[in-house]
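A.B. asks: I'd like to go over a predicted model; first the sequence, then the structure.
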2 protein chains.
Amino acid sequence: MKELKYQFPSADCIIYPDASFEQLKTVVTGKLVVITDENVFAAHNEKFTGYTCIVVPAGEQYKNQATVDRIINELIAAKADRETFIAGVGGGVVTDMAGYAASVYMRGLSFGFVPTTILAMVDAAIGGKNGIDVGLYKNMVGIIRQPDFILYDVSLLQTLPDKEWINGFAEIIKHACIKDLAMFEMLEQHHWQNFKKDAVLLSALVEKNINIKAGVVLNDEFEKGERKLLNFGHTIGHAIENLYTLPHGHAVSIGMVMASVISEEINGFDSDDKERVTALLRSYGLPVSIDADNEKIMEVLLMDKKRTSDRINFILLDQVGKAIIQPIGITQLKDILEASF
Amino acid sequence: MKELKYQFPSADCIIYPDASFEQLKTVVTGKLVVITDENVFAAHNEKFTGYTCIVVPAGEQYKNQATVDRIINELIAAKADRETFIAGVGGGVVTDMAGYAASVYMRGLSFGFVPTTILAMVDAAIGGKNGIDVGLYKNMVGIIRQPDFILYDVSLLQTLPDKEWINGFAEIIKHACIKDLAMFEMLEQHHWQNFKKDAVLLSALVEKNINIKAGVVLNDEFEKGERKLLNFGHTIGHAIENLYTLPHGHAVSIGMVMASVISEEINGFDSDDKERVTALLRSYGLPVSIDADNEKIMEVLLMDKKRTSDRINFILLDQVGKAIIQPIGITQLKDILEASF
């Protein structure tokens, strides 16, 4: 079993990129409580035999304080103490909530993740951002705390519905757009089905994306600078995700197209490159537009965590593979939205 | 205005031991939201003019997730962003919840405290433990995060009800029992009314207790060793506090008497010293016994954060002014409770 040790400023995290689910038993030797959701539990029922499990309802609409309250009560009922280890097994909703509950139960237990979706494997499970939504506001409450480990078993992806494969490629394309032209070009030569069929190709892609995400977090764990780049597509993406109940990847895909248009308007991003980004997203089955209410988007943007006073730190593209942070005034942003979308 | 800078391992905290409430304006120059409770808001109404205030109901029974949910919603309504500073103004319940809400809102805003009770001034506001109760279980959910500052205005104590003065002395006597024989002897020569009448005597006492508490936290912020000593009287104290709806100081006072009895039984703590501790608590108006249900106490103890597997780390006295950490088996503890109380 391969081990990648990332020494983040606040804590170390070990990534096992080529493990199998069964190795969870050897990685955690003491008391363990597994947090998962109904879908994952049903799809991999036999794997959970012998584990104390807390099974939460599946879906972003349950990523809220009520579900965390329920997890806390079940931890108490299971007599979890400070020696208990928490493993979050699931997609990003599960890992975000499991990490958050573990971080505040008894002022913090140790925890680790087994991501079961592409999206969680390449993005959500990495970097220590844990938390919940509050109404329409994504990740409004939470904490940054690193998991002790992230254990990857890409064979879990074989039961993943196609729509979740597509969903996960939004974050992979995001990484390509902001950091890696070569990966962008490689993605242009494939479809997501190629990765589903070819385990070697898939593992290489997942590991490349682990390196990109973890590399950014290594440099800037608490998002003072470079880590903000990972928000490409997420500012408008987050606003429309809960407004229109979109899958995260769909919302981010539309957000990236809109951010590319804004990049062209105020950052001189090449029009052909903008079309290239849009075409790649489309070719991976992702939506590239939505008929949204710009006023409602602006209302949610005003509560975005990236806002400070009357400006929002927006992530724009300079070229494919290179992003920048650009503060945009609320009024200017409103004008662009009205003129362009 | 005097400044004491404490460099805790996770972060610095500045203590202003002789400030006035009005200096909050000079300490926080940017956007500020004040969190306080109905009692403090009513007692010092004029001081809050011009501040954005979130006013929560007063009392330990409201130190729960429902109140934190309400604070989060009010922060959203007030358009608090990452540049907003949170000030918790109140007793320990307010500072614990304000620190917790600030630590998780948008994954953490900066915060500071203005303690308004003896108990918060000498104990609760210092050391970065923030959180809430879950049902009968005290401080079951929370986080350790240091406030940027703690601003002391002892004149606020003049409107404090007598019962809250008495309540606060439980933690002062605790500090004396575990760390400071000289302070114990000084307390024996006074009544709490002497401190209420004499501002110089009071300020000296508060500052001495700041030094004791902050000194322990400096050595052991994350409670691996020495900080556990501060739990003297708190293991049984926490169990009876919410079971019998006692004020925190009353519960800790009874807990200290019971811990002194256990200290005599299994640690050879001198019987005369045990009587001396009991007598001092009684002379400060604190209760020294309760007709409690030992089985219910044991049930709550089993969920105590200080439990690991079948033992609880109990704090016992060696002598007045010197405490030790002693793991006690659950069965032995049950036997002692049944035999002695």
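C.D. replies: Received it, and whenever you're ready, just let me know what you need.
A.B. asks: now the strands for the stretch 51-200 of chain A?
C.D. replies: With DSSP state E, counting those that start in this stretch as the criterion, the stretch 51-200 of chain A has strands at A:52-56, A:85-90, A:111-115, A:129-134, A:137-144, A:149-151.
A.B. asks: so who does residue A:240 touch?
C.D. replies: Residue A:240 makes contacts with A:246, A:251, A:254-255, A:290, A:292, A:297, as judged by CB atoms under 8 Å, 6 or more residues apart in numbering or on different chains. From N, CA and C alone the C-beta is placed, and that goes for glycine too.
A.B. asks: the bottom helix or strand of chain A by mean pLDDT?
C.D. replies: strand A:307-308 (a mean of 79; mean pLDDT, DSSP states H and E).
A.B. asks: which residues of the stretch 201-341 of chain A lie near chain B?
C.D. replies: For the stretch 201-341 of chain A, the residues in contact with chain B (CB under 8 Å from any CB of the partner chain) are A:302-303, A:305, A:307-309.
A.B. asks: any low-confidence regions in chain A?
C.D. replies: Applying pLDDT under 70 to chain A flags no residue at all.
A.B. asks: for it, what spans make up the helices?
C.D. replies: With DSSP state H as the criterion, chain A has helices at A:24-27, A:38-43, A:65-77, A:92-104, A:118-119, A:162-179, A:181-188, A:192-197, A:199-219, A:234-243, A:248-267, A:271-283, A:294-301, A:330-340.
A.B. asks: could those helices go into TSV alongside distance to residue B:208?
C.D. replies: TSV is the format used below for the helices of chain A (distance: least, CB to CB, whole Å):
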stretch	distance to residue B:208
helix A:24-27	48
helix A:38-43	55
helix A:65-77	37
helix A:92-104	33
helix A:118-119	55
helix A:162-179	55
helix A:181-188	62
helix A:192-197	66
helix A:199-219	44
helix A:234-243	50
helix A:248-267	54
helix A:271-283	64
helix A:294-301	51
helix A:330-340	51
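A.B. asks: list only buried entries from the residues of the stretch 201-341 of chain A next to chain B.
C.D. replies: A:303, A:305, A:307 (16 or more other CB atoms under 10 Å in any protein chain shown).
A.B. asks: which of the residues you listed sits closest to chain B?
C.D. replies: Relative to chain B, the closest of those is residue A:305; by CB to the nearest CB it sits at 4.7 Å.
A.B. asks: contacts only, for that closest one.
C.D. replies: A:139-140, B:81-82, B:106-107.
A.B. asks: and those, which of them are buried?
C.D. replies: The buried subset of the contacts of residue A:305 (16+ other CB under 10 Å) comprises A:139-140, B:81, B:106-107.
A.B. asks: identify the farthest-apart pair in the contacts of residue A:305.
C.D. replies: A:139 and B:81 (14.1 Å; CB to CB).
A.B. asks: and residue A:276, how many neighbours?
C.D. replies: 17 (other CB atoms under 10 Å in any protein chain shown).
A.B. asks: also residue A:46?
C.D. replies: 5.
A.B. asks: distance-wise, check it relative to chain B.
C.D. replies: Separation of residue A:46 from chain B (CB to the nearest CB, to the nearest Å): 29 Å.
A.B. asks: and if you look at residue A:320?
C.D. replies: Residue A:320 is 30 Å from chain B, by CB to the nearest CB.
A.B. asks: contacts for stretch A:296-303?
C.D. replies: Applying CB under 8 Å, 6+ apart, the contact partners of stretch A:296-303 are A:136-137, A:140, A:235-236, A:238-240, A:242-243, A:307, A:312, A:330, A:333-334, A:337, B:76, B:79.
A.B. asks: please pick the buried ones from these.
C.D. replies: The buried subset of those - by 16+ other CB under 10 Å - is A:136-137, A:140, A:235-236, A:238-240, A:242-243, A:307, A:312, A:333-334, A:337, B:76.
A.B. asks: how about the residue nearest the centre of chain A: what's its closest non-neighbour residue?
C.D. replies: Nearest to the mean C-alpha position of chain A, by CA atoms, centre = their mean, lies residue A:124 at 3.0 Å. Nearest non-adjacent residue to residue A:124, counting by CB to CB, 6 or more residues apart in numbering or on different chains: residue A:92, 3.0 Å away.
A.B. asks: next, count neighbours for the one you found.
C.D. replies: Residues near residue A:92, counting by other CB under 10 Å: 25.
A.B. asks: isn't it up against residue A:247?
C.D. replies: No. Between residue A:92 and residue A:247 there is no contact under CB atoms under 8 Å: 10.8 Å.
A.B. asks: I'd like the buried ones among the contacts of residue A:305 written out as TSV, with distance to residue B:46 added.
C.D. replies: As requested, the buried ones among the contacts of residue A:305 are exported to TSV (distance: CB to CB, whole Å):
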residue	distance to residue B:46
A:139	39
A:140	34
B:81	28
B:106	31
B:107	35
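A.B. asks: of the residues you listed, which is the nearest to residue A:267?
C.D. replies: residue B:81 (24.3 Å).
A.B. asks: so that closest one sits right up against residue A:307, yeah?
C.D. replies: Yes. Counting by CB under 8 Å, residue A:307 is a contact partner of residue B:81 at 5.5 Å.
A.B. asks: from residue A:154, how far off is the nearest residue to residue A:71 once chain neighbours are set aside?
C.D. replies: Distance criterion CB to CB, 6+ apart; nearest residue to residue A:71, sequence neighbours excluded, is residue A:101 at 4.4 Å. According to CB to CB, to the nearest Å, residue A:101 and residue A:154 sit 26 Å apart.
A.B. asks: more neighbours: which of the two?
C.D. replies: Neighbours per residue, other CB under 10 Å: of residue A:101 and residue A:154, the larger number sits with residue A:101, 28 against 20.
A.B. asks: which residues touch that one?
C.D. replies: A:35, A:68, A:71-72, A:75, A:86.
A.B. asks: number of nearby residues for residue A:200?
C.D. replies: Counted with other CB under 10 Å, residue A:200 comes out at 8.
A.B. asks: how close does it sit to residue A:175?
C.D. replies: Residue A:200 is 20 Å from residue A:175, by CB to CB.
A.B. asks: next: residue A:34.
C.D. replies: From residue A:34 to residue A:175 the distance is 29 Å (CB to CB).
A.B. asks: same thing with residue A:96?
C.D. replies: 19 Å.
A.B. asks: can you check residue A:133 too?
C.D. replies: Taking CB to CB, one finds residue A:133 at 23 Å from residue A:175.
A.B. asks: please apply the same query to residue A:339.
C.D. replies: 30 Å.
A.B. asks: quick one: which of these two has more around it?
C.D. replies: Remark: of residue A:339 and residue A:175, residue A:175 carries more neighbours, 24 against 10, as counted by other CB under 10 Å.
A.B. asks: pull the contacting residues for that one.
C.D. replies: A:122, A:183, A:209, A:212-213.
A.B. asks: shouldn't residue A:137 be in contact with residue B:77?
C.D. replies: No. Using CB under 8 Å, residue A:137 makes no contact with residue B:77, being 11.7 Å away.
A.B. asks: for stretch A:205-212, give me every contacting residue.
C.D. replies: Applying CB under 8 Å, 6+ apart, the set of residues contacting stretch A:205-212 is A:4, A:15, A:17, A:118, A:121-123, A:126, A:152, A:154, A:171-172, A:175, A:179-180, A:183, A:195.
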